[in-house]
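> output the structure for:
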Amino acid sequence: MEVLFRPKHTIVSHTAAVYSVCAGRHSHSIFSASGDKFIAEWNVDTGQQEPLAVRLTQPVFAITHIEEEGLLVAGGANGTIEVIDIVHKKELHNFSLHSKGVYDFYFDAAGEQLMALGGDGVLSVWSIPDFRLLHKIQLSNGKLRQIAFSEQYGLYAIASADGNVYLLNHDSMHIQRVIAAHHLGATSVAWHPTKPVLLSGGRDALLKVWNMTADYDLLMELPAHNYAIYSIVFNESNTHLATGSRDKTIKVWNSVTMDVLQRLDIKTGGHSHSVNKLIWKGDALISVGDDRKIIVWEKQ
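Model prediction:
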């Protein structure tokens, strides 16, 4: 199998599992969030820490950087949402709307809205920058794990621990469709950037491809991993897809043929525990996991 990616930097500075990662303040930086209650910024070119670290009141499950407002938003293990002004380095808000952990965010820059996904099955929608609560929607009795937006279809897709993927209309926030996707629980979702399909991953370790043009019929069902799939991300050129799993591995796929191009595991310099989140940064793939590692994978 062709070697596409190798570890460029392996950063082990957090003292607990790293749950989330997002774009940083610069083109070369990322933010990481950990069970050690810290958010830190890293230079992916050098592997060194940038001069910014924030200590929160609880383990952090999810983060997002709202660059336009100079804000970091953190979702905590007990359900609080903390809003940090990173320009003036102070906390602006601390909300306790959710009764369980907050697992993912999506910032709609055009609509000036932030979506937050709760372990209590609640989707909360906040106006930006004033953080007024616009909607509180009880979608499920299980955890809401991940959200993805399709501008083309005007739909949010939300993966839920009850096994369903909920499709919500962008304008009305009404449920347009419910896909019974993964009987053990849906854990990840992504819209294909060039094809009319939705991808979902679940605790059943399956990667499923749903056909938007055929009433969401199941187009493909791929035994992608051995355990839950926690992350599905396309690169910026739309040529590659990466999946990260609780089985400690990452797979890189051809986004057109859906063939596996490379398997990244501990033998290739990867993770020894669950892979929790992936993002692309240019040609680099960034992964974080329960082993406290942040790995910058460099394309060959």
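
> mind jotting down where the helices sit in this structure?
With DSSP state H, there are no helices along the chain.

> low-scoring stretches of it, by residue?
Filtered on pLDDT under 70, the chain yields the residue ranges 1-2.

> cutoff 80 now
1-3 (pLDDT under 80).

> my guess is D290 contacts A17. True?
Yes - shown here, D290 and A17 form a contact pair, counting by Cβ atoms under 8 Å, at 4.3 Å. For the C-beta atoms, the positions are set from N, CA and C on the backbone; glycine is no exception.

> overlap of the contact sets of those two?
Shared contacts of D290 and A17, defined by Cβ atoms under 8 Å, 6 or more residues apart in numbering, are found at 273-274, 276.

> now rank those residues by neighbours and give me the top one.
Most neighbours among the shared contacts of D290 and A17, by other Cβ atoms under 10 Å: N276, with 23 neighbours.

> against D36, how distant is that one?
14 Å (Cβ to Cβ, to the nearest Å).

> with D259 instead?
38 Å.

> also S272?
From S272 to D36 the distance is 18 Å (Cβ to Cβ).

> quick one: contacts for V233?
190, 241-242, 278-280.

> who wins for most neighbours among the residues you listed?
Of those, with other Cβ under 10 Å as the count, A242 tops at 26 neighbours.

> so it versus Q48, what's the distance?
On the measure of Cβ to Cβ, A242 and Q48 end up 24 Å apart.

> same check, this time on H26
13 Å.

> show me what contacts G270?
7, 248-250, 264, 287, 295.

> about what we covered before: ok, of the shared contacts of D290 and A17, which one's closest to P223?
Distance to P223 across the shared contacts of D290 and A17 (Cβ to Cβ) is lowest for S274, with 18.4 Å.

> isn't the closest one right next to I250, touching?
No - the criterion here is Cβ under 8 Å, and S274 misses it with I250 at 11.2 Å.

> I'd say A116 and T80 touch.
No - using Cβ under 8 Å, A116 is not in contact with T80, being 10.5 Å away.

> who's more crowded, these two?
Neighbours per residue (other Cβ under 10 Å) separate A116 from T80, with A116 holding more: 25 against 19.

> burial check on the residue nearest to the more buried one when sequence neighbours are not counted, number of neighbours?
With Cβ to Cβ, 6 or more residues apart in numbering as the criterion, A116 has its nearest non-adjacent residue at 4.7 Å, and that residue is S124. Residues near S124, counting by other Cβ under 10 Å, number 21.

> rewinding a little: so for D259 and D36, which sits in the more crowded spot?
A side-by-side neighbour count of D259 and D36, using other Cβ under 10 Å, places D36 first with 18 against 8.

> distance check, the more buried one against H14.
5 Å.

> ok, now which ones touch the nearest residue to G101 once chain neighbours are set aside?
Excluding the flanking residues, the one nearest G101 by Cβ to Cβ, 6+ apart is G119, at 4.3 Å. Counting by Cβ under 8 Å, 6+ apart, G119 makes contact with 79, 98-103, 143-144.

> tell me the contacts of W126?
W126 makes contact with 113-116, 132-134, according to Cβ under 8 Å, 6+ apart.

> buried ones only from the residues you listed, please, as a PyMOL command.
In PyMOL, a selection of the buried entries from the contacts of W126 looks like this (16 or more other Cβ atoms under 10 Å):
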select buried, resi 113+114+115+116
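
> ok, of the contacts of W126, which one's closest to A157?
M115 (11.5 Å).

> check contacts around that closest one.
Contacts of M115 (Cβ under 8 Å, 6+ apart): 105-108, 123-126, 147, 156.
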